[in-house]
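**Q** everything below, folded, please.
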Amino acid sequence: MLKLGVNIDHVATLREARYRGGSTGEPDPVAAALAAEAAGAHGITAHLREDRRHIQDRDVWALREKITTRLNLEMANVPEIVAIAFKLKPEIVCLVPERRLEVTTEGGLDVVAAETALTETRKKMNDAGIAVSLFIAPDEAQIAASARTGSQFIELHTGKFAEEFSKAESGKWKAECELERLIAGVKLAHSLGLQVNAGHGLNCENLPALLRVPHLVELNIGHSIISRAVTVGLTAAVKEMLALMKNYSA
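**A** Purely as a prediction, here's the structure:
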């Protein structure tokens with residue numbers, strides 16, 4: 001069964017637009033997480049950024065206390081956030097690149113360049129009982145390096161596929177090329193013993209095409225679910241995505 005992890009960062013983005021710096025405010029990302037779970041989500045994803053632009057420390061601690069599925073903490077491989085993860089003990093961390101000026105995560109980790117540092121963090125996390133995923137592009141060298149770190153998972157960045165898919169019909173062949181890259185990447189990762197998640201830019205329009213990719217464990221989807229929830233409600237938005245995923249065959 002293909003699992004759905006709901007990323008609640010953009011619920012916090014909306015809250016921070018009005019209540020930045022406060023200790024309260026609406027909408028509450030934790031309430032959104034609980035609603036997503038009740039609608040059938042298999043896990044909750046939250047990115048605690050260094051600049052705290054959306055998710056705050058209090059949010060991740062409340063999530064740890066209240067959700068009943070699985071907490072996936074997205075994080076940069078920096079000492080401050082690593083230390084928080086050790087105390088928080090999410091079921092899994094997803095190590096991602098982080099740039100202060102980006103609106104959202106723009107690309108994958110350069111595991112080849114940071115293999116030693118990522119391996120050290122992976123060992124520490126695993127020793128603490130926390131699984132590790134690396135957010136990477138579907139690149140052969142990055143996948144091979146991810147396997148060498150000993151990480152349990154990779155999460156393939158689907159942003160380029162989603163970007164090409166959204167273009168005019170004349171550009172659809174580029175989306176097909178990106179899809180083939182994802183398929184090849186997953187097959188390589190699977191052969192190296194890595195479990196594979198995917199995410200970034202996925203929505204109800206492009207998801208059916210992505211389901212051609214084999215061996216996927218989980219999709220992590222945030223923006224499209226939260227934006228869809230504005231018009232149909234969060235419960236309906238989560239259930240719509242789950243309905244598209246139900247016939248996936250690995």
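**Q** what about the most centrally placed residue in the chain, distance to I92?
**A** Centroid-nearest residue in the chain: N220, 4.3 Å away (criterion: Cα atoms, centre = their mean). From N220 across to I92, the span is 11 Å (Cβ to Cβ, to the nearest Å). In short, each C-beta sits where N, CA and C put it, glycine included.
**Q** which neighbours do these two have in common?
**A** N72 (Cβ atoms under 8 Å, 6 or more residues apart in numbering).
**Q** re the thing from before, can I get whichever strand or helix holds the residue nearest to the centre of the chain as CSV, trimmed to CA atoms?
**A** Secondary-structure assignment from DSSP states H and E places N220 in strand 216-221. Extracted C-alpha coordinates of strand 216-221, given in CSV (Å, rounded to 0.1, in the frame of the first residue of the first chain):
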residue,chain,number,x,y,z
LEU,A,216,7.4,3.7,-3.8
VAL,A,217,6.7,3.5,-0.1
GLU,A,218,5.3,7.0,0.7
LEU,A,219,4.4,10.3,-1.0
ASN,A,220,4.8,13.4,1.1
ILE,A,221,2.4,16.1,-0.1
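**Q** helices or strands up against it?
**A** Contacts defined by 3 or more Cβ pairs under 8 Å, 6 or more residues apart in numbering; DSSP states H and E place strand 216-221 against strand 3-7, strand 195-199.
**Q** so the very next helix or strand once past it versus strand 3-7, what angle?
**A** Using DSSP H and E, the helix or strand that follows strand 216-221 in sequence is helix 223-232. The directions of helix 223-232 and strand 3-7 differ by 80 degrees, with axes from the mean of the first three to the mean of the last three Cα atoms, to 10 degrees as the criterion.
**Q** other SSEs contacting helix 223-232?
**A** Using 3+ Cβ pairs under 8 Å, 6+ apart: helix 223-232 touches strand 3-7, helix 9-19, helix 234-245.
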